[in-house]
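>>> sequence unknown, structure follows:
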């Protein structure tokens, strides 16, 4: 089985910073794109940032210039450095990954973490 476990959430004042981490564990051959999503109360889950295995990144317009996504392929981890946080960044942040589990199979499955709460006070 494969698990994604997020950490690093918490309460921070506006203008502050937080760093989220997500670790993938289990039977893993390789990980393609790793993505952070977030879901605020009463809203749909939305894309935040993604990074490919080659390091190409993509960001939502709302976080460009403030958030930085990075990954460590050797450790199967992805991080999200969040600076200049705003109250509207308050949400549960979810890690998502496209994972190939076996060398003998090209099948790629999508996995989600359980989420970590980020609260930004004004």
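Nice, I can see it. The shown structure was predicted, so the numbers you read here are calculated from the model rather than taken from an experiment.
>>> Helix, strand or coil: sort out the residue nearest the centre of the chain for me.
When C-alpha atoms, centre = their mean is applied to the chain, the residue found nearest the centroid is residue 36 (2.9 Å). Under DSSP: H, G, I helix; E, B strand; the rest coil, residue 36 falls in the strand class.
>>> correct me, but it touches residue 21?
No: assessed by C-beta atoms under 8 Å, residue 36 is found out of contact with residue 21, at 10.7 Å. Heads up, the C-betas are built off the backbone N, CA and C, glycines and all.
>>> Now do the shared contacts for the two.
Common contact partners of residue 36 and residue 21 (C-beta atoms under 8 Å, 6 or more residues apart in numbering): 78, 80.
>>> For residue 97, name its beta-bridge partners.
Beta-bridge partners for residue 97, by DSSP bridges, are residue 34, residue 111.
>>> Quick one: residues contacting residue 100.
Contacts of residue 100 were listed using C-beta under 8 Å, 6+ apart, and they are 28, 29, 30, 31, 32, 106, 107, 108.
>>> Thanks a lot, catch you later.
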